[in-house]
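**Student:** Give me the fold of what follows.
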Amino acid sequence: MNESIERARALAVLIRYLGPWSGEGDYPRRVRRRHWLIREGTLQGYRAFVKGIPEDAPGEALVDAYVYEPPTAPLGVFVVAPGLHFAGPDDPRFDRFSRVIAGAGFVVVAPFLPDYVNLRVRPSALRDFELILEACAERFPSLMPAIVFSISFGSWLAIELAAKRPDLVGELITFGGYREFDAIARFCVSGEVEHQGEKLILPRDPLNSPALFLNLLDGLEVHEERAELEHAFRRMCYRTWGRMELKAEGKLIPIVDDMLHLAPSRHRELFRIVAGAEPETVSLLGEALSNRKGNIPNVDPDRALRTLRAPYTIAHSRDDDVIPFYEAYKLREALPEGHPARLHLTGLYTHSGQGVGLARGAAREVWTLLDLARALAYAGSRGEPQRPVGRSDV
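**Tutor:** Numbers count the residues shown, from 1 in each chain. The predicted structure is shown next:
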């Protein structure tokens, strides 16, 4: 069938399922999901925990993925760079999104990244994501280079690999991505953001504090019984993530008290402060970042952004309470002048991709939805070229 017709069909499917008129259980039914083993190794993350296997165990880690196959001849392959989440593509929101993209006519590869399901951001995640892209080139050679779509912290992986391996990445789309780790770390503990010299306080998600500090323990010089403390932090995330009611003031206290015994006695005060998102986390963050040299890896993508060649769509939710939407502006500003990129800010989704309706600025949001759906539907196509950034993009 003519590609232009297939792209138009893809656009219609995306508008149908990504709009606020579509519920969580509403997705294309003719998509087939298969399991793909990419590298043998030890199970990681929540899948390991429920089987009684220690998370983040030393040795070779398992790398596997779900492959979502479209009901029609594929238009291309989307490789998802996931955010930090212990469930990986088993998260129902991730699974639904993958089914929607596949239903639009694309193969979707949704990997379980060992570090990210262990809630860790470190260089080995880059190596594993490159391995996944190389495996895709072997399995889907006619569909390469890939369209890389990232969620949240997956933007670091996506941007770095798009710059390093233009042979593997033909187009880049980030949703809820970031440019400055320190800025989003400060936002996580305080809700403070700085934009054009002005400091603002925005709503933040207190449930992410354990995952943040799990990655900063070297800066806090936590060495003894560290694995036990990391496990306690992960258990807190397992129990609280996705429970929106726990974001309210004081709601975390009973859960922290109930789980305090999981932390080694020497670290229980640290666990109480971090797991409860207490005000002391601000000074703890300052201490960790001041000791970062040689302890905390650099996970800012600035250098990669300066050398990026792939067309780039930057999307972000104005209601993101994990990575503030001002990071989208920073990403765009870091690109070389004239780089083919578009920026889309939306109020239709939260950080997790959950729909929030059309109550605010309905007309604007509908147009933004159409722009985002078009960017996805025509990804990898020369038929709808990306335009340089301009005032109409914000």
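
**Student:** pLDDT below threshold where in this structure?
**Tutor:** Across the chain, the ranges flagged by pLDDT under 70 are 1, 294-295, 349-363, 382-394.

**Student:** What is the three-state secondary structure of the residue found closest to residue 152 once you drop the neighbours it is linked to in the chain?
**Tutor:** In space, and not counting its chain neighbours, residue 152 is closest to residue 83: 3.1 Å by C-beta to C-beta, 6 or more residues apart in numbering. Yep, even glycine has a C-beta here, placed from its N, CA and C like the rest. For residue 83, the secondary structure call by DSSP: H, G, I helix; E, B strand; the rest coil comes out as coil.

**Student:** quick one, phi/psi of residue 343?
**Tutor:** Here the main-chain torsion angles of residue 343 (degrees, to the nearest 10) amount to phi -120, psi 130.

**Student:** measure it to residue 51 for me?
**Tutor:** Note on residue 343: its distance to residue 51, by C-beta to C-beta, to the nearest Å, is 42 Å.

**Student:** For those two, work out which one has more neighbours and name it.
**Tutor:** residue 343 (19 against 8; other C-beta atoms under 10 Å).

**Student:** On the strand side of things, show who that one bridges to.
**Tutor:** With DSSP bridges applied, residue 343 shows beta-bridge pairing to residue 314.

**Student:** Go ahead and confirm it touches residue 330.
**Tutor:** No - using C-beta atoms under 8 Å, residue 343 is not in contact with residue 330; the gap is 10.8 Å.

**Student:** The residue nearest to residue 152 contacts residue 157, doesn't it?
**Tutor:** No - contact criterion C-beta under 8 Å: residue 83 and residue 157 do not qualify, at 10.0 Å.

**Student:** Mind listing the shared neighbours of the two?
**Tutor:** residue 150 (C-beta atoms under 8 Å, 6 or more residues apart in numbering).

**Student:** doesn't residue 293 make contact with residue 219?
**Tutor:** No - in this structure, residue 219 is not within contact of residue 293 by C-beta under 8 Å, at 9.3 Å.

**Student:** Please identify which of the two sits among more neighbours.
**Tutor:** Ranked by neighbour count (other C-beta under 10 Å), residue 219 and residue 293 place residue 219 first, with 21 against 9.

**Student:** show me the contacts for the residue nearest to the more buried one when sequence neighbours are not counted.
**Tutor:** Closest residue in space to residue 219, ignoring its immediate chain neighbours: residue 288 at 3.3 Å, by C-beta to C-beta, 6+ apart. Counting by C-beta under 8 Å, 6+ apart, residue 288 touches 213, 216, 219, 220, 296.

**Student:** at 7 Å instead, please
**Tutor:** By C-beta atoms under 7 Å, 6 or more residues apart in numbering, the residues touching residue 288 are 216, 219, 220.

**Student:** quick one: residue 171 is in a strand?
**Tutor:** Yes - Residue 171: assigned to a strand according to three-state DSSP.

**Student:** residues near it, how many?
**Tutor:** Residue 171 sits with 23 neighbouring residues when counted by other C-beta under 10 Å.

**Student:** List the contacts of it.
**Tutor:** With the criterion set at C-beta under 7 Å, 6+ apart, residue 171 makes contact with 147, 310, 311, 379, 380.

**Student:** Now do it against residue 147, distance only.
**Tutor:** 5 Å.

**Student:** Now the common contact residues for these two.
**Tutor:** 379, 380.

**Student:** What are the boundaries of the helices in the stretch 101-250 of the chain?
**Tutor:** Under the criterion DSSP state H, counting those that start in this stretch, the stretch 101-250 of the chain contains helices at 114-117, 123-139, 154-164, 181-190, 209-214, 226-240.

**Student:** deepest of those, which one?
**Tutor:** Comparing the helices of the stretch 101-250 of the chain by mean neighbour count (mean count of other C-beta atoms under 10 Å), helix 114-117 ranks first with a mean of 26.

**Student:** And it, what does it pack against?
**Tutor:** Counting contacts by 3 or more C-beta pairs under 7 Å, 6 or more residues apart in numbering; DSSP states H and E, helix 114-117 is packed against helix 123-139.

**Student:** Now do the helix it packs on and helix 154-164, the angle between them.
**Tutor:** Interaxial angle of helix 123-139 relative to helix 154-164 (axes from the mean of the first three to the mean of the last three C-alpha atoms, to 10 degrees): 60 degrees.

**Student:** With just CA atoms, put helix 123-139 into PDB.
**Tutor:** The C-alpha trace of helix 123-139 is given here as PDB (Å, rounded to 0.1, in the frame of the first residue of the first chain):
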ATOM      1  CA  PRO A 123      27.600   4.300  32.400                       C
ATOM      2  CA  SER A 124      26.800   0.600  32.000                       C
ATOM      3  CA  ALA A 125      23.300   1.600  31.000                       C
ATOM      4  CA  LEU A 126      24.700   3.300  28.000                       C
ATOM      5  CA  ARG A 127      26.600   0.200  27.000                       C
ATOM      6  CA  ASP A 128      23.500  -2.000  27.400                       C
ATOM      7  CA  PHE A 129      21.400   0.400  25.400                       C
ATOM      8  CA  GLU A 130      24.000   0.400  22.600                       C
ATOM      9  CA  LEU A 131      23.900  -3.400  22.700                       C
ATOM     10  CA  ILE A 132      20.100  -3.300  22.200                       C
ATOM     11  CA  LEU A 133      20.400  -1.000  19.200                       C
ATOM     12  CA  GLU A 134      23.000  -3.200  17.700                       C
ATOM     13  CA  ALA A 135      20.800  -6.300  18.200                       C
ATOM     14  CA  CYS A 136      17.900  -4.400  16.500                       C
ATOM     15  CA  ALA A 137      20.200  -3.700  13.500                       C
ATOM     16  CA  GLU A 138      20.700  -7.500  13.200                       C
ATOM     17  CA  ARG A 139      17.100  -8.400  13.700                       C
END
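
**Student:** by contact count, what packs against it?
**Tutor:** Other elements packing on helix 123-139 under the criterion 3+ C-beta pairs under 7 Å, 6+ apart are strand 32-39, strand 63-69, strand 77-81, strand 107-112, helix 114-117, helix 154-164.
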